[in-house]
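> I would like to see how this sequence folds:
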Amino acid sequence: MNKIRLACIFALGLTVALPASAQITPLPAPKPSAAAKPPSGDVSPQARAALQALAETDRKAVQEALGWLGFYNGVIDGAAGKRTLDALAAYHKSVGATSDAIVTQATLAALKDGAAKAKAAVGFKVIDDAATGLRIGAPTKLLEKRENATGAASLTSKDGSVGLYTKETTGDLATLYKSLSADAGARKVTYKFLKPDAFFVTAGEDGDNKFYRRYAAGEGGKLRGFAFVYPKARAKALDPVALAVANSFDPFPSAPPAPTPTPEGPKLTATALVVAPGLAVTALDASQCKAPTVSGKPARFLDAQGPLARLGGEFGAGAAAIPQGEAASDLVALSLAGARPTLEVSAVTPLGADKVIAALGPAASGAPLFDRQGRLVGFVGPVKAGPRRAGVALAAPHATIPASALGEAAPPAGPVGDLSVPAIARLRRSAVVGVFCAS
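All right, here's what the predicted structure looks like:
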């Protein structure tokens with residue numbers, strides 16, 4: 001998104017090519033799903049007393065956790081109000097508990113654990129936005145792209161369907177509220193609230209998207225706000241995220257903002273062997289590798305052949321199958337390491353039929369093993385963190401996968417004398433590639 005487009009988003013209230021945006025904060029928020037509707041009727045005095053007996057930090061933790069789990073949609077204030085108690089009762093019912101919304105230490109621990117897992121799943125972190133000066137929570141695993149403009153910033157998903165947009169401007173809060181709380185085109189505002197000279201909230205839908213927006217007023221006519229946008233089709237998963245973003249919003253933090261961390265790029269995670277044009281194999285679980293790339297190009301997991309995974313993509317032009325050999329007493333492993341991958345050549349000593357001893361780095365998972373004639377003997381299995389000294393990996397046992405796991409007949413190998421280790425590296429280097437995964 002360029003500066004002009006980012007400015008248009010805020011000036012027009014997201015009625016242009018992008019989805020709309022807004023926020024939840026105090027008072028209403030998104031309606032809970034049918035599965036999370038609180039029970040009707042009053043909660044017991046015992047439940048209220050149990051919640052009030054908790055420290056304020058724990059009461060807030062309960063509300064936050066209930067929000068992440070989809071049962072609560074209000075402000076995190078630590079109050080033992082009816083909305084919070086109803087959400088607790090709904091949570092108890094969902095887990096089959098018999099107590100009527102009474103928070104025990106076990107309940108508190110379970111809620112905190114559930115919230116921690118939900119946060120970790122989306123990489124939720126509170127960040128200081130240097131572009132606008134505000135502080136806000138962001139699902140960093142979902143929002144991988146960042147762009148800045150004057151007094152504004154955007155964090156978006158790769159496909160642009162989910163976005164968090166921040167803005168600092170000057171003006172009259174009521175005037176901005178009037179503009180952004182009105183229906184316009186496909187934008188339908190379903191909730192709006194203004195606290196004069198303090199803040200406003202709007203929420204609604206814009207075509208196929210939902211939005212939440214909040215602006216707050218500061219000294220000297222300064223206004224800071226944000227907008228969170230996501231597809232209606234993903235509302236069940238992202239409504240709790242929207243609530244968390246809203247409740248984390250601090251427009252004028254007391255401490256000066258630190259630089260906003262830039263989302264980390266893909267990391268070298270494993271080594272793969274190209275066995276045919278557009279086809280590579282490695283010892284990597286697809287669930288551990290988001291948005292894989294090979295040779296700088298997008299790749300995709302095709303299937304898993306036993307312990308090996310196959311990656312397809314536009315790489316390895318001209319690659320040919322490599323002859324296979326039998327297990328030998330003296331092997332060579334070729335793996336990659338570093339942000340700008342460099343080839344690491346390691347002497348390997350077999351330890352039984354399915355293990356070797358070698359000094360291998362963490363990205364050596366899937367590294368091919370060759371005998372002294374340059375024939376493929378097997379692959380290094382998933383590498384776990386081993387002993388290191390002064391940052392250098394030390395020799396340790398590692399599981400191996402036999403070349404037969406490829407499930408393909410090996411091409412015939414002509415008579416070849418023993419090769420030196422550098423010669424093997426030169427012979428097979430072009431077939432060894434790194435697998436990069438998004439963090």
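> Residue 227: neighbour count?
Applying other CB atoms under 10 Å, we find 28 residues neighbouring residue 227. Quick note: C-beta positions are derived from backbone N, CA and C, even for glycine.
> so it makes contact with residue 155?
No - using CB atoms under 8 Å, residue 227 is not in contact with residue 155, being 11.1 Å away.
> Quickly list what's touching both of those two.
Here residue 227 and residue 155 have 163-165 as joint contacts, going by CB atoms under 8 Å, 6 or more residues apart in numbering.
> Out of those residues, which end up buried?
The neighbour count (16 or more other CB atoms under 10 Å) marks 163-165 as buried among the shared contacts of residue 227 and residue 155.
> Can you lay out those as CSV showing distance to residue 289 and secondary structure?
Shown next, in CSV, are those (distance: CB to CB, whole Å; DSSP: H, G, I helix; E, B strand; the rest coil):
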residue, distance to residue 289, secondary structure
163, 25, strand
164, 25, strand
165, 29, strand
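> Return, as residue ranges, the portions of the stretch 151-300 of the chain with sub-threshold pLDDT.
Low-confidence segments of the stretch 151-300 of the chain (pLDDT under 70): 256-264.
> Please enumerate the strands of it.
152-156, 163-170, 187-195, 199-206, 209-217, 222-231, 267-276, 279-282, 290-294, 297-305 (DSSP state E, counting those that start in this stretch).
> Quick one: the ones you listed as CSV, columns for distance to residue 110 too.
Shown next, in CSV, are the strands of the stretch 151-300 of the chain (distance: least, CB to CB, whole Å):
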stretch, distance to residue 110
strand 152-156, 31
strand 163-170, 29
strand 187-195, 31
strand 199-206, 30
strand 209-217, 28
strand 222-231, 27
strand 267-276, 33
strand 279-282, 38
strand 290-294, 28
strand 297-305, 34
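> Endpoints of stretch 243-255, how far apart?
End-to-end distance for stretch 243-255: 24 Å, by CA to CA, to the nearest Å.
> Revised request: answer the last question for stretch 284-300.
End-to-end distance for stretch 284-300, by CA to CA: 12 Å.
> Then stretch 269-284?
First-to-last residue span, stretch 269-284, CA to CA: 9 Å.
> Buried ones in that stretch, by neighbour count?
Within stretch 269-284, the residues that count as buried by 16+ other CB under 10 Å are 269-275, 278-284.
> any idea which of those residues is closest to residue 290?
residue 269 (9.8 Å; CB to CB).
> Now that closest one: closest residue in space that isn't a chain neighbour?
Counting by CB to CB, 6 or more residues apart in numbering, residue 437 is the residue found nearest to residue 269 once chain neighbours are left out, at 4.3 Å.
> same question, residue 54
residue 103 (6.5 Å).
> And that neighbour, how far from residue 61?
Per CB to CB, to the nearest Å, residue 103 is found 10 Å from residue 61.
> So between those two, which is more surrounded?
More crowded of residue 103 and residue 61, by other CB under 10 Å: residue 103, with 23 against 18.
> which residues does that one contact?
47, 50-51, 54, 62, 88.
> Name the SS class of it, please.
Under DSSP: H, G, I helix; E, B strand; the rest coil, residue 103 falls in the coil class.
> count of neighbours near residue 383?
23.
> And it, its phi and psi?
Here is the backbone geometry of residue 383 (degrees, to the nearest 10): phi -90, psi 120.
> residues touching it, list them.
360-365, 398.
> from what I can see residue 355 touches residue 399, true?
Yes - counting by CB under 8 Å, residue 355 does reach residue 399; the two are 5.9 Å apart.
> between those two, which one's more packed in?
residue 399 (17 against 14).
> if you skip the residues just before and after it, what's nearest to that one?
residue 381 (3.5 Å).
> for residue 205, same thing?
Counting by CB to CB, 6+ apart, the residue nearest residue 205 is residue 188, at 5.1 Å.
> And residue 226, by the same measure?
Closest to residue 226 by CB to CB, 6+ apart is residue 166, at 4.9 Å.
> surely that neighbour meets residue 135?
No - counting by CB under 8 Å, residue 166 stays clear of residue 135, with 10.0 Å between them.
> between the two, what contacts are shared?
residue 129.
> just to revisit the earlier point, show me the two of the contacts of residue 383 that sit farthest apart.
363 and 398 (12.9 Å).
> Could you list the low-confidence segments of the stretch 301-439 of the chain?
For the stretch 301-439 of the chain, the ranges with pLDDT under 70 are 304-305, 385-393, 408-416, 439.
> so where do the helices sit in it?
421-428 (DSSP state H, counting those that start in this stretch).
> Excluding sequence neighbours, find me the nearest residue to the residue most central in space within the chain.
Closest residue to the average C-alpha location of the chain: residue 141 at 2.2 Å, with CA atoms, centre = their mean. In space, and not counting its chain neighbours, residue 141 is closest to residue 123: 3.3 Å by CB to CB, 6+ apart.
> and that neighbour, how many neighbours?
Here the number of neighbours of residue 123 (other CB under 10 Å) works out to 15.
> check contacts around it.
By CB under 8 Å, 6+ apart, the contact set of residue 123 is 139-142.
> Most widely separated two among those residues?
Based on CB to CB, the longest span within those runs between 140 and 142 and measures 7.4 Å.
> Out of the buried ones among the shared contacts of residue 227 and residue 155, which comes closest to residue 431?
Closest to residue 431, out of all of those and judged by CB to CB, is residue 163, at 40.5 Å.
> you'd agree that closest one is up against residue 153?
No - taking contacts as CB under 8 Å, residue 163 lies outside contact range of residue 153: 10.7 Å.
> before we move on, back to that, which of the contacts of residue 103 has the largest number of neighbours?
residue 88 (30 neighbours).
> Quick check: the gap between that one and residue 75.
In terms of CB to CB, residue 88 sits 16 Å off from residue 75.
> Indicate which one of the strands of the stretch 151-300 of the chain is closest to residue 338.
strand 267-276 (6.9 Å).
> Could you check the angle that closest one makes with strand 290-294?
Here the directions of strand 267-276 and strand 290-294 differ by 50 degrees (axes from the mean of the first three to the mean of the last three CA atoms, to 10 degrees).
> Run through the neighbouring helices and strands of strand 267-276.
strand 279-282, strand 331-337, strand 376-380, strand 432-438 (3 or more CB pairs under 8 Å, 6 or more residues apart in numbering; DSSP states H and E).
> Kindly recompute the last result at 7 Å.
With contacts taken as 3 or more CB pairs under 7 Å, 6 or more residues apart in numbering; DSSP states H and E, strand 267-276 sits against strand 279-282, strand 331-337, strand 432-438.
> can you list those strands in TSV and add distance to residue 184?
Shown next, in TSV, are the helices and strands packed on strand 267-276 (distance: least, CB to CB, whole Å):
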stretch	distance to residue 184
strand 279-282	50
strand 331-337	52
strand 432-438	36
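> among the ones you listed, which is nearest residue 214?
Nearest of the helices and strands packed on strand 267-276 (CB to CB): strand 432-438, 29.6 Å.
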